[in-house]
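A.B. asks: model the structure of this input:
(2 chains)
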Amino acid sequence: MSREGQKLDYAAAGGNGAGGVGIGVLSLDLLGQVLDRLREPRDRKACRLVSRAFERAEATHRRALRVLRREPLPRLLRAFPSLERLDLSACASLDDASLSAAIAAAGAGGLAGLRRVCLARASGVGWRGLEALVAACPRLEAVDLSHCVGAGDREVAALAAAAGLRELRLDKCLAVTDMGLAKVVVGCPRLEKLSVKWCREISDIGIDLLAKKCPELRSLNISYLKVGNGSLRSISTLEKLEELAMVGCSCIDDEGLELLSKGTDSLQSVDVSRCDHVTYQGLASLIDGRKFLQKLHAADCLHEIGQRFVSKLATLKETLTALKLDGLEVSDSLLQAIGEGCNKLVEIGLSKCSGVTDEGISSLVARCSDLRTIDLTCCNLITNNALDSIADNCKMLECLRLESCSLINEKGLERIANCCPNLKEIDLTDCGVNDAALQHLAKCSELRTLKLGLCSSISDKGIAFISSNCGNLVELDLYRCNSITDDGLAALVNGCKKIKLLNLCYCNKITDSGLGHLGSLEELTNLELRCLVRITGIGISSIATGCKSLIELDLKRCYSVDDAGLGALARNAFNLRQLTISYCQVTGLGLCHLLSSLRCLQDIKMVHLSWVSIEGFEIALRAACGRLKKLKMLNGLKTVLSPELLQMLHACGCRIRWVDKPLVYKDC
Amino acid sequence: MASGTATNADPDQQTVRSNSVEQFYFPRPGQSLPGIPPFFGPPSSSLYLANDNEAKVGNQLEPNPSQSTDWDPQAIVSNLTFLEQKIKQVKDVVQSMSNRENQVASGSCEVAAKQQLITADLTSIIIQLITTAGSLLPSMKNPLSSNPAVRQLSNTLGSPMGFGVNANQRPSVDSKTDIPDIGKASGYEELINSLNTTQDERDELIKGPNPCGGEGSEPTPMEDHDVKESDDGDHEGENLPPGSYVVLQLEKEEILAPHTHFCLICGKGFKRDANLRMHMRGHGDEYKTAAALAKPTRDSGSDHAPVTRYSCPFVGCKRNKEHKKFQPLKTILCVKNHYKRSHCDKSYTCSRCNTKKFSVIADLKTHEKHCGRDKWLCSCGTTFSRKDKLFGHVALFQGHTPALPMDDVKRKRRERLFWTAVGGLNWNCGASSRVEDGEINEEVEP
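C.D. replies: Below is the predicted model of the structure:
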């Protein structure tokens, strides 16, 4: 709990103890203001639990709610009548019936103020639930239905009844066709943001109607659609369009970009990554029409760049802030031209570009002092000299990705650490850096993300350096840093209390006592412990009891983890949503216990559980049936599990990935 | 329907009609058709007179539609008598004019101007007639084929004033107001007769000259015949200057007869190619050679045949050569399809939907291929065979939205039924109940 939360807690408790004076005398409005300033959810919860005044204030004041389970949903909707944002994306076993019931329980005016609803991955919700939701929320402005892979035209048609809708995300709603899109664009003419990424059934016809019916559109994502140049002709008629993403649209080519360039000048951001048929010629004609282009993403689509493109790029001198050219074969002269042409660049992506040299980088950064993000992933020719020039010129640097740049070492990183105090993210995966490099990097106290995967020379000492100064670290990747032992983890948790994502895969010196240290990371949400063969149920139990926020846990190939570990998870890890227990030594009993207890568990990978009988799988899966959304199992089970169970899982919106491998018996 | 009548009855289209021979042939500069005598002067053939008599009979029958019991005969009769009087007035004017015309050289500008004046008069009469007949129109619509009186009236509307003026038997004025079928039929007959050298063909040719009787038995639907205009094989781009081609006008009997062989010179149709070849002999000695009479060599004659275009016999139709903006039809097949589509009953009904009707059997077959497969449905109830058509419709009309096919709903309902069936199975292990007691879980986060 944060310090401010604790203070408030004391005040509230003390106030009540002193006979009603204190927090209780403040108006609800003021208390609401106080609550608004609390950033951590657990602080809010503490306040709510300790003081009735705060509870009342929160009830009237709360605007946003993220619900994790289905059961309390009706009560919560009643308790917070002035909600504006509702996030149901993590709500386990939510289906039409429960959603409708909750909405009905909230009463007529209960959800009148609701503006944004997130239903991402809520695959159990169908058109009935959506119809009820839209009917109850007259002011609905934004809906996120992404990754509801079963959602189709009828679901989208239910949303079309929300005439005030401005934002809609339909990413990977695989069954949505032109018909569904037409329903939405006719029903919601004020749409400003729309994403239909991966809706592969949508064609030019649908996009054309969209362009005709939604003139207010500002942001559009048509990535991975099978649409062609005709769509771009329609899109070019949208006068307010600012952002256009068309990643992986292989039917679009230069002709389409030329059509697009004939539209209005409002376009600010274009993403043509992975569009195989787009060349620099098309981009040049696009730039020609856009004097205000700010972001241009052309990753993995260009093979060469001609002079025409470079000269057009120079016309965007004043505006262009982000440029991504991943996968391109570049030359020093090109990088120099970019550096001279685009002085205002904030972000440059040169990931997997061949031909990036120290000279190229130094001429690029010489004129671009505003750069904050530099992606040099797999530019494996660069050395410390490039880092020196970056450090000298880009004082504002926040993010530096150097994966697989194995020629760099601690000297270059020292310059970076000394000159770029704002560094927040650095990726040194497979760079072979050592403890000395970490000693230098520890100077960057703002560091949030540190990726050190495959740097096997890093030891506990290096971790101790990081822990000593980087208290804000949120993400740490120590994949295959197999010199790290329990002592390193002890040092880590001493300094970096805010870690949320931790990867310790294949650090096989770690034992249960190391996991015992991790138990003090209260904010840890994602933990990967793949192939830590020494850890057992004891270590898992200390994590389960300590890391209350744990959402994702990977225990694949932790051969010593048994039912005791699953039991500990079942009793304590209530927020656990994703779990991998492939190859673990668990039995049917442990699995049943786990699946029936964890009410938030939605995604479980359980391949090669050689100790679990068919009945064990059957009963465990029946126990968790309504909640599971993703399941990974051995193909052999497909025929032996009862068809009713599989049908039931399917009906609840659960997708099963069958792994076609022979069952492996692993004896310890 | 009324508008269709009005266009059909537009007298302006008839004013430019010239002599009946010229209807068949616009000679190119410096070219004349040998063997066709000019057809000026009063008709002398007995056939023609017989026709005219029949026309008169038709005229007398005309204002007596009292056999029908659908409407008040008295009112109609009085209206028609009134009209008759008016027509008579115009007739007198025309007569006086034609007397003068006989003295002055025909075809002068002055006469043309007078003709225009008369046309204006006629127009007013027609308008009056239409308004008079207005009450009848609804009854004419459906039972066209079953009610002979109404059919007759509709024919009159289709070729207005034809009988009345024709009764004067003055061929020069006839050009203005003649009922087209008579004029053309007689002209046609004359042409054929002049060409005809063999007696044995007469019996086949005689079939043609009674168009008036055919008029009575052949219904003329008053429909907007512009619908399929573009489908009649005409190419709008083709801009043959008038006069650079021969215009043939087939009679409706020819058009509707199941002929497959047509004379390229006069357009007459035959069931058998052999008969056509026999007919061709009448067009000149070059068709009499053994080679021309042999089976495949017919095209040797067509090599030097003039460019031929076709006119629809329906007066007032844009495809009729009297129309101001006459657009000729290119082939005989085009004529056939055009005439059937535009001026005939739609007698073929789709057996699937029982609503769509067609006059050309090929159209029916095309429709039947797609009938019932209009799966693209709009919220307004309109169905489309293609998605892009539906989307075009939706884009055009505010508030219209595609309707989703209902099988989707059925699938979901099945799923739900399944759910209620399995819903009872709430498998839970004993351990879970213990956990549910504690309020440990953090349900809410901002």
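A.B. asks: quick check on the closest residue to residue A:538 other than its chain neighbours: phi, psi?
C.D. replies: Leaving out its chain neighbours, the residue that sits closest to residue A:538 by CB to CB, 6 or more residues apart in numbering or on different chains is residue A:512, at 4.6 Å. Quick note: C-beta positions are derived from backbone N, CA and C, even for glycine. Phi and psi for residue A:512, reported as degrees, to the nearest 10, are phi -60, psi -30.
A.B. asks: is it true that residue A:512 touches residue A:536?
C.D. replies: Yes - using CB atoms under 8 Å, residue A:512 makes contact with residue A:536 at a distance of 5.8 Å.
A.B. asks: so which bits of the stretch 401-550 of chain A are right by chain B?
C.D. replies: Residues of the stretch 401-550 of chain A lying close to chain B by CB under 8 Å from any CB of the partner chain are residue A:548.
A.B. asks: quick one, helices of the stretch 401-550 of chain A?
C.D. replies: Counting by DSSP state H, counting those that start in this stretch, the stretch 401-550 of chain A has helices at residues A:410-419, A:435-441, A:460-469, A:486-495, A:512-518, A:537-546.
A.B. asks: just want the angle from the third one to helix A:486-495.
C.D. replies: Translated: helix A:460-469. 10 degrees (axes from the mean of the first three to the mean of the last three CA atoms, to 10 degrees).
A.B. asks: and the first one, by the same measure?
C.D. replies: Direction vectors for helix A:410-419 and helix A:486-495, defined by the same axes, to 10 degrees, enclose an angle of 10 degrees.
A.B. asks: can you give me the strands for the stretch 251-400 of chain B?
C.D. replies: B:261-262, B:269-270, B:308-311, B:348-349, B:357-358, B:376-378, B:383-384 (DSSP state E, counting those that start in this stretch).
A.B. asks: the stretch 301-450 of chain A now?
C.D. replies: Under DSSP E, counting those that start in this stretch, the stretch 301-450 of chain A gives strands at A:322-324, A:347-349, A:373-375, A:399-401, A:425-427, A:449-451.
A.B. asks: about what we covered before: the residue nearest to residue A:538 and residue A:478, how far apart?
C.D. replies: 18 Å (CB to CB, to the nearest Å).
A.B. asks: who has more neighbours, these two?
C.D. replies: residue A:478 (28 against 19; other CB atoms under 10 Å in any protein chain shown).
A.B. asks: hmm, the more buried one is touching residue A:453, no?
C.D. replies: Yes - counting by CB under 8 Å, residue A:478 touches residue A:453, with 7.1 Å between them.
A.B. asks: need the overlap of contacts for the two.
C.D. replies: residue A:503 (CB atoms under 8 Å, 6 or more residues apart in numbering or on different chains).
A.B. asks: want to throw the strands of the stretch 301-450 of chain A into TSV with distance to residue A:97, mean pLDDT and mean neighbour count?
C.D. replies: Shown next, in TSV, are the strands of the stretch 301-450 of chain A (distance: least, CB to CB, whole Å; pLDDT from 0 to 100; neighbours: other CB atoms under 10 Å in any protein chain shown):
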stretch	distance to residue A:97	mean pLDDT	mean neighbour count
strand A:322-324	45	94	21
strand A:347-349	46	95	22
strand A:373-375	46	96	22
strand A:399-401	45	96	21
strand A:425-427	44	96	22
strand A:449-451	41	96	21
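A.B. asks: export those strands to JSON lines and tack on distance to residue A:155?
C.D. replies: JSON lines is the format used below for the strands of the stretch 301-450 of chain A (distance: least, CB to CB, whole Å):
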{"stretch": "strand A:322-324", "distance to residue A:155": "34"}
{"stretch": "strand A:347-349", "distance to residue A:155": "36"}
{"stretch": "strand A:373-375", "distance to residue A:155": "37"}
{"stretch": "strand A:399-401", "distance to residue A:155": "37"}
{"stretch": "strand A:425-427", "distance to residue A:155": "37"}
{"stretch": "strand A:449-451", "distance to residue A:155": "36"}
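A.B. asks: to residue B:322, which of those strands lies closest?
C.D. replies: strand A:322-324 (71.2 Å; CB to CB).
A.B. asks: ok, residues contacting the closest one?
C.D. replies: Contact with strand A:322-324 is made by A:269, A:273, A:294-299, A:313, A:338, A:342, A:345-349, A:351, A:375, as judged by CB under 8 Å, 6+ apart.
A.B. asks: paired strands for it, with orientation please.
C.D. replies: Taking DSSP bridges as the criterion, strand A:322-324 forms sheet pairs with strand A:295-297 (parallel), strand A:347-349 (parallel).
A.B. asks: how far out from the middle of the chain is the last one?
C.D. replies: Put simply, strand A:347-349 sits 20 Å off its chain's centre (CA atoms, centre = their mean, to the nearest Å).
A.B. asks: now swap in the first one and tell me
C.D. replies: Using CA atoms, centre = their mean, the distance from the centre of strand A:295-297 to the centre of the chain it belongs to is 21 Å.
A.B. asks: in that strand, what's buried?
C.D. replies: A:295-297 (16 or more other CB atoms under 10 Å in any protein chain shown).
A.B. asks: stretch A:399-416 too?
C.D. replies: Within stretch A:399-416, the residues that count as buried by 16+ other CB under 10 Å are A:399-405, A:407-410, A:412-416.
A.B. asks: again with stretch A:377-388
C.D. replies: A:377-380, A:382-388.
A.B. asks: cool, stretch A:286-302 as well?
C.D. replies: For stretch A:286-302, by 16+ other CB under 10 Å, it's A:286-287, A:289-290, A:293-302.
A.B. asks: how far does it stretch from start to finish?
C.D. replies: 14 Å (CA to CA, to the nearest Å).
A.B. asks: beta-bridge partners for residue B:384, please?
C.D. replies: Residues in beta-bridge contact with residue B:384 (DSSP bridges): residue B:376.
A.B. asks: residues in contact with it?
C.D. replies: Residues in contact with residue B:384 (CB under 8 Å, 6+ apart) are B:374, B:376-378, B:390, B:393.
A.B. asks: beyond the helix or strand of chain A with the lowest mean pLDDT, next helix or strand please.
C.D. replies: Across the helices and strands of chain A, mean confidence by mean pLDDT, DSSP states H and E is lowest for helix A:3-17: a mean of 52. Later in the chain than helix A:3-17, the nearest helix or strand by DSSP states H and E is helix A:28-36.
A.B. asks: show me the domain layout of chain B.
C.D. replies: Structural domains assigned to chain B are B:245-292+B:307-368, B:373-418, following the TED database.
A.B. asks: tell me the span between the first and last residue of the longest one.
C.D. replies: Domain B:245-292+B:307-368 has an end-to-end distance of 38 Å (CA to CA).
A.B. asks: what's the pLDDT at residue B:300?
C.D. replies: Residue B:300 is assigned 46 on the pLDDT scale.
A.B. asks: ok, the one 4 residues further on next?
C.D. replies: We have a pLDDT of 60 for residue B:304.
A.B. asks: equivalent analysis for the one 10 residues further on, please.
C.D. replies: If you check residue B:314, the pLDDT there is 87.
A.B. asks: which residue is the nearest non-sequential neighbour of it?
C.D. replies: Nearest non-adjacent residue to residue B:314, counting by CB to CB, 6+ apart: residue B:343, 4.7 Å away.
A.B. asks: residues near that neighbour, how many?
C.D. replies: 25.
A.B. asks: how much space between it and residue A:292?
C.D. replies: 62 Å.
A.B. asks: would you mind giving the helices of the stretch 401-550 of chain A as JSON lines with distance to residue A:134 and mean pLDDT added?
C.D. replies: Shown next, in JSON lines, are the helices of the stretch 401-550 of chain A (distance: least, CB to CB, whole Å; pLDDT from 0 to 100):
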{"stretch": "helix A:410-419", "distance to residue A:134": "51", "mean pLDDT": "94"}
{"stretch": "helix A:435-441", "distance to residue A:134": "50", "mean pLDDT": "95"}
{"stretch": "helix A:460-469", "distance to residue A:134": "49", "mean pLDDT": "95"}
{"stretch": "helix A:486-495", "distance to residue A:134": "46", "mean pLDDT": "95"}
{"stretch": "helix A:512-518", "distance to residue A:134": "44", "mean pLDDT": "95"}
{"stretch": "helix A:537-546", "distance to residue A:134": "40", "mean pLDDT": "95"}
